[in-house]
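>>> 3D, please:
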Amino acid sequence: MAAADSPSAALRRRDLCSRGIRLAGKMRVDVIDLLDAYVERQGLDVSSLDSSVAAVEGVPLAAVERWDEQTGTQRLLENLAAYRAFRALLAQMLEEQREQLGEADAGLGRALASVLLQVSAFAYHLEELLRLESRGVPGEEEEEEGEEEEDRPPPPPRLSIFEQKLRGLGVLRELAQWAVRSARDLRQLSKPSPATGTASGLAESP
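Residues are numbered from 1 along each chain as shown. As a prediction, the model looks like this:
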């Protein structure tokens, strides 16, 4: 029996999935609260902006075709890639927020920083699940050698203040959707496999 299919590994997997579902639930609540505050503080009229933020460049989309056909490994890898992207995007938003408002709106900055920490923690949680399956973590060696560089957001495009606000709105909206998808993915991963009696999908090949 492979290590990933051992009873102890199955219990560990279920525990990690359960904790991940709780983390995703809290993150979604906090992101929605942050989104409401962001819209209000930035003076955005959401009803007139829906078409402008339908898809924001660089923001990973939570929607996926044939969700039920994905393997466990695919789910974890897609989630990890998304939260790494959100980590950089939120760090960029936080920097822009400080440049625009300074200490004038410290509350919004603290809320952004809190969500950024939750996104980072969730990414590490996903990495732990991948390690449990002996899959390895994409980019892990590079992160260990230069983690600080990776956590820095890429050089921001030349956007106006208004365009930055629109991008921030798109980032938070999609992050809230990812929190829903992540909880759904982890529930699927924690289900017993009819064939083996262990959590499904994670031992499958991508």
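>>> which stretches of the chain have low pLDDT?
Within the chain, the ranges that satisfy pLDDT under 70 run 1-5, 47-56, 101-104, 134-136, 139-158, 193-206.
>>> what packs against the helix or strand encompassing residue 189?
Taking DSSP states H and E as the definition, residue 189 sits inside helix 161-190. The contact analysis (3 or more C-beta pairs under 8 Å, 6 or more residues apart in numbering; DSSP states H and E) places helix 161-190 against helix 7-42, helix 72-101, helix 106-132. In this view, the C-beta of every residue, glycine as well, is placed from N, C-alpha and C.
>>> now the residue nearest the centre of the chain: closest residue in space, sequence neighbours ignored.
The centroid of the chain falls nearest to residue 83 when counting by C-alpha atoms, centre = their mean (3.1 Å). Among residues not flanking residue 83 along the chain, residue 123 sits closest, at 4.2 Å (C-beta to C-beta, 6 or more residues apart in numbering).
>>> quick check: the one you found touching residue 84?
Yes - in this structure, residue 123 is within contact of residue 84 by C-beta atoms under 8 Å, at 5.8 Å.
>>> and residue 163, how many neighbours does it have?
Around residue 163 there are 12 other residues, counting by other C-beta atoms under 10 Å.
>>> before we move on, what SS does residue 64 have?
Three-state call for residue 64 (DSSP: H, G, I helix; E, B strand; the rest coil): coil.
>>> in three-state terms, label residue 137 for me.
Classification of residue 137 by three-state DSSP places it in coil.
>>> Provide a list of residues in contact with it.
Applying C-beta atoms under 8 Å, 6 or more residues apart in numbering to residue 137 gives the contacts 80, 127, 130-131, 143.
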